[in-house]
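Engineer: I'll drop the sequence and a predicted model, then ask my questions.
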Amino acid sequence: MSTTATAVVRRPGPRAWLNLVVCEAKMVARDTAGLVVPLGLPLLILLTSAQAAGDQEVVAGFSALEAYVLPLVLTMVIATIGVINMPSFLAYYRRSGILRRLSVTPASPAMVLVAQVVVSVLQTVLGLALAVGVAFLGFGASPPAHLATTLGVYALAMAAMYAVGMIVAAVAPTPNSAVAIGLVGFFALGALGGMFGGPGSLPEPLAALGERLPFGAAVQALAAAWVGAPVEAAHLVSLGVTVVVGSVTAGLLFRWD
Amino acid sequence: MSSDTNGSGGSGRPPAIEAEGLVKRYGDKVAVDGLSLRVGAGEVLGILGTNGAGKTTTVEMIAGLRRPDRGSVRLLGLDPRRDRARVRQVLGVQLQAAYLHGALTVAELLDLYRSFYPDPRPAAELLDLVGLEEQRRVRFEKLSGGQQQRLSIALALVGRPRVVILDELTTGLDPRARRRMWGTVERLRDEGVTVVLVSHAMEEVERLCDRVALLDAGRLVAVDTPGALTARAGAETLDDAFVALTGKQLEAAE
């Protein structure tokens, strides 16, 4: 037996990636609260406010359902997954030594991060399909005026929520604190972004602030795209800046063990 | 340093692991203080020491998990940090108190870790090696501490490694599981695998190890065959030899 390892480097292939994604999906599916909240909470808001909202025409052909309730509900889906769920999984993986264990295999702990994002995107699609399905079939919602713009804005908003989540994962020392910071972050961003009764019910300075933060910006930009109004640059800038700030912060502060 | 304190023993085997002048500090505390060690290919080396002697830090530097402040490590001729990808293919590691995805079952975890390696051992063989056949559908979080430990050992062997590092192999295992793990190490030795075994248990070290490295306060006190160490200390048992050579009592496993 030779004493020098000259073997060709064989990195984990597609099978390893698929296996990891399936395993992450099982982890998410077996975590009941983490599975139900991002699907159930937005649906609850939709069911309780869609009827009344559907009767108020806001712009030609669109009611408050499309101009307010659906953008809010869809933003809640990505915010619960990005800001609460993902960081709590990552903090748990780090704390429990799972990332460390993976770092002594040919798989890198970064693969887990990617697999988590893939699974959370799938979960988002599920939440999106559920909310949109109920809104269309149950309450006669109209499809977006600009479908491509709406999807583009949603993808950007999703990236912004993950970026916020990565900051949470980077600064939280324990899994419990990740959940706590994630929840507080979610409710703070949500409250300022109109989750409890719309920006109109907030004092002017707070509403203005909320609109600049990723949750409010996502709701406003989605609403504009849905009803065919021009999407305000300020909202897109807010989401873009969140992505950059979150990625840089996480890059600097995130610890693998 | 003379060759009998860090050489590869009387076997003349070429080294699988060469550690030279390793130093690691945590703040003011020196965990490992200029440690040099060679492990011959196919050798089973035990690392024995009290808590805080620097055993885990040493093997973590050998595995590339920690960067030494000073000194160098070669594992099968590779640098564990710079040749990371190659080292990961030939090295199996059982970490102390490592946790795995809690909601996944034994079989799911084995399949996951098997998919990371080009030529993994069959899952059935791994289950048999560590005696977890009946737990294959049990989630990791539902396993007992000893069962979790055995799965962790199985995962260290998944990729048919040429070098295996086992940190606290049998701590927390019942006597039957302990003997089974000893059989597993003996099988690895028969296959020519190099094994580094961090241990608290004298009986385990005497039975399994070709040579034993005694660590105290981050330094290598002595490294030799169990018999030679006992003789050198003029002692009756390895236990007594440990006390004579380090001036400390080796406590029972925590």
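Structural biologist: Thanks, I have it. Numbering: from 1, shown residues only, chains lettered A, B, ... in the order given.
Engineer: what's the least confident helix or strand in chain A, going by average pLDDT?
Structural biologist: strand A:57-59 (a mean of 83; mean pLDDT, DSSP states H and E).
Engineer: Against which helices or strands is the helix or strand following that one packed?
Structural biologist: Where DSSP states H and E defines the elements, the next helix or strand beyond strand A:57-59 is strand A:62-63. When contacts are defined as 3 or more CB pairs under 8 Å, 6 or more residues apart in numbering or on different chains; DSSP states H and E, strand A:62-63 packs onto helix A:32-55. In this view, the C-beta of every residue, glycine as well, is placed from N, C-alpha and C.
Engineer: which of the residues in the helix it packs on are buried?
Structural biologist: A:34, A:37-39, A:41-43, A:45-46, A:49-50, A:53-54 (16 or more other CB atoms under 10 Å in any protein chain shown).
Engineer: How much space separates residue A:158 from residue A:239?
Structural biologist: As judged by CB to CB, to the nearest Å, residue A:158 and residue A:239 stand 10 Å apart.
Engineer: So which of the two has more stuff around it?
Structural biologist: Remark: of residue A:158 and residue A:239, residue A:158 carries more neighbours, 25 against 22, as counted by other CB atoms under 10 Å in any protein chain shown.
Engineer: Which helix or strand lies directly C-terminal to the longest helix seen in chain B?
Structural biologist: The longest helix of chain B (DSSP state H) is helix B:175-190. Per DSSP H and E, the first helix or strand lying C-terminal to helix B:175-190 is strand B:194-199.
Engineer: Need the mean per-residue confidence for that next one.
Structural biologist: What strand B:194-199 shows for mean pLDDT is 95.
Engineer: What degree of burial does residue A:92 show, as a neighbour count?
Structural biologist: 21.
Engineer: Which helix or strand contains it?
Structural biologist: Taking DSSP H and E as the definition, residue A:92 sits inside helix A:86-95.
Engineer: so what secondary structure elements neighbour that helix?
Structural biologist: Helix A:86-95 sits against helix A:109-139, helix A:147-171, helix A:175-192, with contacts defined as 3+ CB pairs under 8 Å, 6+ apart.
Engineer: need the contact list for residue A:102.
Structural biologist: The contact partners of residue A:102, by CB atoms under 8 Å, 6 or more residues apart in numbering or on different chains, come to A:108-109, A:111-112.
Engineer: Could you rerun that using 10 Å?
Structural biologist: A:20, A:93, A:108-112, A:256, B:98, B:100-101, B:112-113, B:116 (CB atoms under 10 Å, 6 or more residues apart in numbering or on different chains).
Engineer: Kindly tell me how buried the nearest residue to residue B:141 once chain neighbours are set aside is, as a neighbour count.
Structural biologist: Excluding the flanking residues, the one nearest residue B:141 by CB to CB, 6 or more residues apart in numbering or on different chains is residue B:102, at 3.7 Å. Applying other CB under 10 Å, we find 17 residues neighbouring residue B:102.
Engineer: does residue B:102 count as helix, strand or coil?
Structural biologist: Classification of residue B:102 using DSSP: H, G, I helix; E, B strand; the rest coil returns coil.
Engineer: Settle this for me: it is touching residue A:95, isn't it.
Structural biologist: No. Using CB atoms under 10 Å, residue B:102 is not in contact with residue A:95, being 11.6 Å away.
Engineer: Give the residues shared as contacts by the two.
Structural biologist: With CB under 10 Å, 6+ apart, residue B:102 and residue A:95 have no common neighbours.
Engineer: Could you pull out the buried residues of stretch B:160-180?
Structural biologist: So, applying 16+ other CB under 10 Å, buried residues of stretch B:160-180: B:161-171, B:173, B:177-178, B:180.
Engineer: quick check, that stretch touching chain A?
Structural biologist: Yes. If you take CB under 10 Å from any CB of the partner chain as the test, stretch B:160-180 does meet chain A, through B:162-163, B:165.
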